[in-house]
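1. Provided below for reference: sequence and predicted model.
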Amino acid sequence: MKRILIFAEQKNGTIHRVTYELIGKSLELLQSSQGEIDVVLLGDKNICTDELQQHQIDNIYHIEGDCFDKPDELLYKENIVSLINEISPEIFLIGATTFGRSLAPRIAAALNAGLTADCTELKLDDDGELIQIRPAFSDNILAHIKTTTSPKMATIRYKEFEASKIVPGHKAKIIKLKPYKDNNTLVDILREIEAREFDISEAQVVVSAGKGFKSKEDLGMIYELAELLGGEVGASRAIVDDGYIDKTHQIGYSGNRVKAKLYIACGISGAPQHLAGMSESDIIIAINSDASAPIFNVADYGIVGNIYEVVTLLIKKIKNA
Amino acid sequence: MNIVVLIKQVPDMEKVRFDSEKGIVDRASAGVEINPFDLNALEAAVSVAEANNGTVTAITMGPPRGKESLKEAVARGANSGILLSDKCFGGADTKATALTLAAAIKKIGNVDIIFAGEKTVDGDTGQVGAEVAEFLNIAHIYYVDEIVEVTDTYIKVVSDILEGRYEKKGQFPILATVTKDLNVPRIPQLKDKIRARKEIFPVWGIEELSEFISPEDVGIKGSPTKVKKIEVPKSSVRIGKKERENIDAFLDEIVEKLKSIKVLEA
């Protein structure tokens, strides 16, 4: 029987949505083999687990303590390693969030286990062994990886898998645990300076601007178009580096990845680094004066023309629509 | 203050070619360079050293041509460099790499801060830093985008993590990975490049590290993750429509499409 353990990341008591995607994928993996799905949650004793309990999981190990309110990798590591040594899961999955990517290697090294980063697919082979599939070389290749140590550990990219659904009437068992360790003398987390409230990766509609715009002021029409479409403004790295807009808007490999319903790229040539962040959007419209720009290779609708004229005309047509 | 910076030589991602038929990365198709994220780590190391009377040792693991990256690191302000190179280091995954780097850091001894980039553009895992820290039994702080204060015993930084920015104070020794937002790497001057050209770098193999690591722990032998297959996905090409003449009518078509997908009200 396979036992899959999933890390439930939480901030201020809210469980990160990637957790439900990991549950969804785990259920799929266990379709053809017997197994159990457990979740480990670290946080204040008052965290509401009602929703989590209704997902099709077996046990929730809740390690209780307000010491887990802050992103303290050492403390999380000590506690999760202790739990893993007790319950010996065969597979341990962690969302590839910033915190997950910082925590997972710490745990893997402590367990002397292999770890596969940022997977976009998981499968079981004919022998029931886990195959982890992940992009590398800035998303240019996909590597299929098997791990020889136990537990098989992987961080999983957010928004790759379908989230699990609530099963009315299902109630996972909660196992409350005291922290195995509750203080960290090496790193003192003094305060949260600012919370990142704006997250473009969630946007359904993104209107992005690139080097085709000659000044920061010229982006006015992009903001207007985004607002008319109920979307957010994105940007290529070039104009972020030039200070037109701050980096929370940057789309690309080293920025944010979006999977929007609609993505409009205005004056963006489409360097691989940008395409890695947006090419999975449902509908892509590209406007660029250079007919050979690579952005047109991923576009459903390509308009070769002056961005200032085309965007102005598009705004006018939308207003009249 | 003793500072170590971990750097990796990577293919130039703008030029490297991928063969989707054979499923291989043609590393020979591109030159090599220091992983761009590591330049920010190097800049952090050098500027902290300058302000605190410290020294910077750059470490890289890889084939002999890694020396070129160490020369560049010296041109950019590092005081010295060490190349970890041995046939048996080849094929290392993040765990084996981290164990090897940790062994070298133990051999150097008395290190206060270790800087590394947040990830590499080829392996792209971002795992090695935290694994090195765990193997050294020291703390780590990831995604540092601001250095607030450095004293003789601790460093205070801002870590961009968990959907927020957290001020963290880490006691030495500590490992920190940095983001591109931390600084702008300096451009080496010609005189620095000339000076760096003459630099000689020690090469440490398994024998030099034998006090801290065994041959079973390094390279492909010490790597629990095994790559079974490489796929090079054909670059996603969409068969879209491209229009340069009748833009007006084309935009009408687009507006209709926006209505049909309910981005606009019909």
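-> Thanks, I have it.
2. OK, contacts around residue B:50?
-> residue B:77 (Cβ atoms under 8 Å, 6 or more residues apart in numbering or on different chains). Where you see a C-beta, it was placed from the backbone N, CA and C, and this is true even at glycine.
3. three-state assignment of it?
-> The three-state label given to residue B:50 by DSSP: H, G, I helix; E, B strand; the rest coil is helix.
4. what's the distance between it and residue B:56?
-> Counting by Cβ to Cβ, to the nearest Å, the gap from residue B:50 to residue B:56 is 9 Å.
5. between the two, what contacts are shared?
-> Common neighbours of residue B:50 and residue B:56 are listed as residue B:77 (criterion: Cβ under 8 Å, 6+ apart).
6. Excluding chain neighbours, what is closest to the residue in chain A that chain B sits nearest to?
-> The nearest approach of chain A to chain B comes at residue A:114, 3.1 Å away (Cβ to the nearest Cβ). With sequence-adjacent residues excluded and distances taken as Cβ to Cβ, 6 or more residues apart in numbering or on different chains, residue A:114 is closest to residue B:224, at 3.1 Å.
7. Next, count neighbours for that neighbour.
-> Residues within reach of residue B:224, counting by other Cβ atoms under 10 Å in any protein chain shown, total 21.
8. Same check on residue B:53?
-> 7.
9. How about residue A:194?
-> 11.
10. Now do the SS call for it.
-> Bear in mind the rule, three-state DSSP; under it residue A:194 is strand.
11. which ones are touching the closest residue to it other than its chain neighbours?
-> Among residues not flanking residue A:194 along the chain, residue B:165 sits closest, at 5.2 Å (Cβ to Cβ, 6+ apart). Residues counted as contacts of residue B:165 (Cβ under 8 Å, 6+ apart) are A:192, A:193, A:194, A:196, B:145, B:158, B:159.
12. for the residue nearest to the second one when sequence neighbours are not counted, which residues make a bridge with it?
-> By the measure of Cβ to Cβ, 6+ apart, the closest residue to residue A:193 outside its immediate chain neighbours is residue B:165, 4.6 Å from it. Taking DSSP bridges, one obtains residue A:194, residue B:160 as the residues bridged to residue B:165.
13. got it, and residue A:304?
-> With DSSP bridges as the rule, residue A:304 is bridged to residue A:288.
14. Identify the residues contacting it.
-> Residue A:304 is in contact with A:288, A:289, A:290, A:291, A:296, B:242, B:243, B:244, counting by Cβ under 8 Å, 6+ apart.
15. Return the subset of these lying in strands.
-> A:288, B:242, B:243 (DSSP state E).
16. Just name the closest of those residues to residue B:124, please.
-> Closest approach between those and residue B:124, by Cβ to Cβ: residue A:288, at 28.0 Å.
17. Let me see the contact set for the closest one.
-> A:212, A:265, A:266, A:267, A:268, A:269, A:295, A:296, A:302, A:303, A:304, A:307.
18. Got the confidence number for the residue nearest to residue A:193?
-> As predicted, residue B:165 sits at a pLDDT of 95.
19. Please tell me how far it sits from residue A:197.
-> 12 Å.
20. Give the burial count for residue A:193, as a bare number.
-> The burial count for residue A:193: 14, using other Cβ under 10 Å.
21. Is it in contact with residue B:159, as I believe?
-> No. Look at residue A:193 against residue B:159 with Cβ atoms under 8 Å: they stay out of range, at 9.8 Å.
22. tell me, what's touching these two both at once?
-> B:165, B:166, B:167.
23. ranges for the helices of the stretch 1-150 of chain B?
-> Secondary structure of the stretch 1-150 of chain B (DSSP state H, counting those that start in this stretch): helices at B:36-52, B:66-75, B:94-108, B:128-136.
24. can you map out the strands along the stretch 101-250 of chain A?
-> A:115-119, A:121-124, A:130-136, A:141-147, A:152-156, A:173-177, A:187-195, A:205-209, A:232-235 (DSSP state E, counting those that start in this stretch).
25. Pipe those into a markdown table and attach distance to residue B:97 per row.
-> Shown next, in a markdown table, are the strands of the stretch 101-250 of chain A (distance: least, Cβ to Cβ, whole Å):
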| stretch | distance to residue B:97 |
| --- | --- |
| strand A:115-119 | 12 |
| strand A:121-124 | 24 |
| strand A:130-136 | 14 |
| strand A:141-147 | 15 |
| strand A:152-156 | 16 |
| strand A:173-177 | 34 |
| strand A:187-195 | 24 |
| strand A:205-209 | 36 |
| strand A:232-235 | 34 |
